[in-house]
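Student: Sequence and predicted structure, then a few things I'm wondering about:
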Amino acid sequence: MTQYKIEGAKSGRGACRKCKTVIALNAPRFGSWDKDKSHGTVYWNCIGCVTQVQLTKALASCPGGINQIQGLAAFPDDVKLTIVATLQATHDRPVPEPKSTPKRKKTSRPRRTKSREGEVEVESKSEDKVDIKEVDASIEDKDESNKKAKIDESKNENEE
């Protein structure tokens, strides 16, 4: 389960996950702590880049509201009011409609199959489908005719 917290940046080297800017030393930041099988990782966002999804999940995990998010009490009152106002504005912002992408039309591409000799036969989806057995039979016929031609060539060489 993901845990959320707000704290002051400890080193001034961490970057916001969304806007990629460095979060200044002691500046408030919002952290999403994801625990994996072997270890946990905290993903930091500056307060202005917190998404509605993150905030909704954080509020679901702490029933007291925005004021009860872990770590908020450590800030002075004026900073706390600014943080709460920013998070409240994020929470109250209307959710944008998801962008719909047009669905691709299914194309009737011919299906390719490989025969024994490595030749590629194209099989269309229309009425004139190529039967695999017919292709195999034609390959065998070619093999037999090639064998006969080689035998005839070797006979001609032996006669000379």
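Tutor: Alright, I've got the coordinates.
Student: For the rest of this, base every contact and every neighbour count on C-alpha atoms.
Tutor: Will do.
Student: tell me the contacts of the residue nearest the centre of the chain?
Tutor: Central residue of the chain (Cα atoms, centre = their mean): T101, 16.3 Å from the mean position. Counting by Cα atoms under 8 Å, 6 or more residues apart in numbering, T101 makes contact with nothing.
Student: distance of it from V53?
Tutor: If you measure T101 against V53 using Cα to Cα, to the nearest Å, the figure is 22 Å.
Student: Check L72 too.
Tutor: In terms of Cα to Cα, L72 sits 19 Å off from V53.
Student: Please identify which of these two sits among more neighbours.
Tutor: Using other Cα atoms under 10 Å, the more surrounded residue of L72 and V53 is L72, with 22 against 12.
Student: From what I see, the more buried one and K80 are in contact.
Tutor: Yes. With contacts counted by Cα atoms under 8 Å, L72 reaches K80, the gap being 6.7 Å.
Student: in this protein, which spans are helices?
Tutor: 52-61, 77-92, 132-159 (DSSP state H).
Student: and W44, how many neighbours?
Tutor: Number of residues near W44 (other Cα under 10 Å) recorded here: 24.
Student: show me what contacts it?
Tutor: So W44 contacts G14, A15, C16, R17, R29, F30, G31, S32 (Cα under 8 Å, 6+ apart).
Student: Show me the domain layout of this protein.
Tutor: 3-92, 111-159 (automatic domain parsing).
Student: Kind regards, and thank you for your time.
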